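In: sequence and computational prediction follow.
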Amino acid sequence: MLFAYGSLIDDRVWSLVAGPGAGPAAPAVLEGFRRVCVAGAWFPTVAAAPGHRVAGVVRRAVPAAALRRLVAFEGAEYEIRELAVTLDGGATAAARVFVTRPAVRLAKRGGDWVDWSYDDWCRRGRGELIRRLSRGGGRGD
């Protein structure tokens, strides 16, 4: 199971990156984390933050080939960690989550992390990412 919280929530982006075979997305929440901007980038990460929660989706069956494509898309800034997520209905399950490596700087404003908004990304960056991926390009940092 893989938990997505950024651009990979989007079904079109997911299909262009991962390809077929992962099944439908289902709502899930990552408790005790906050979705924040990576410094100098358009994409987010999650950072441990007690009392916060990150809404996203899980894909229950991610084929090995899809996972390899996802790792390539996310790049060297990310590692996969296994974290507990809360599924729709309240059950808790272990899921793979792409989390930035400790050396990656997070965007700050006024001493606090800058939250990343999926809705803002949909309005401002989704179209460009889909065009880039449709042409065979990558994330394009």
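Out: In hand now; what should we look at?

In: chain neighbours aside, what residue packs nearest to L30?
Out: V54 (4.3 Å; Cβ to Cβ, 6 or more residues apart in numbering). Placement of C-beta: from N, CA and C, glycine included.

In: hmm, I typed the wrong one, I wanted V71.
Out: Leaving aside its sequence neighbours, V71 sits nearest to I80 (Cβ to Cβ, 6+ apart; 7.5 Å).

In: can I get the longest strand seen in the chain as CSV, trimmed to CA atoms?
Out: The residue-count maximum for a strand in the chain (DSSP state E) belongs to strand 44-59. The C-alpha trace of strand 44-59 is given here as CSV (Å, rounded to 0.1, in the frame of the first residue of the first chain):
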residue,chain,number,x,y,z
PRO,A,44,5.6,19.0,-1.1
THR,A,45,6.9,16.7,1.6
VAL,A,46,5.5,15.6,4.9
ALA,A,47,7.2,16.6,8.1
ALA,A,48,6.5,15.2,11.6
ALA,A,49,4.2,17.7,13.4
PRO,A,50,2.3,16.5,16.4
GLY,A,51,-1.4,17.5,16.3
HIS,A,52,-1.4,17.9,12.5
ARG,A,53,-2.8,15.6,9.8
VAL,A,54,-2.3,15.1,6.1
ALA,A,55,-5.2,14.1,3.9
GLY,A,56,-4.3,12.0,0.9
VAL,A,57,-5.0,8.7,-0.8
VAL,A,58,-3.8,5.1,-0.7
ARG,A,59,-3.3,2.8,-3.6
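
In: show me what counts as buried in whichever helix or strand comes after that strand.
Out: Following strand 44-59 in sequence order, the next helix or strand is helix 64-74 (DSSP states H and E). Buried residues in helix 64-74, counting neighbours by 16 or more other Cβ atoms under 10 Å, are found at 66, 69-70, 73-74.

In: stretch 47-59 too?
Out: Buried residues in stretch 47-59 (16+ other Cβ under 10 Å): 52, 54, 56-59.

In: could you work out the most separated pair of the residues you listed?
Out: With Cβ to Cβ as the measure, no two of those lie farther apart than H52 and R59, at 22.8 Å.

In: how about the backbone phi and psi for R124?
Out: Per-residue torsions, R124: phi -110, psi -30 (degrees, to the nearest 10).
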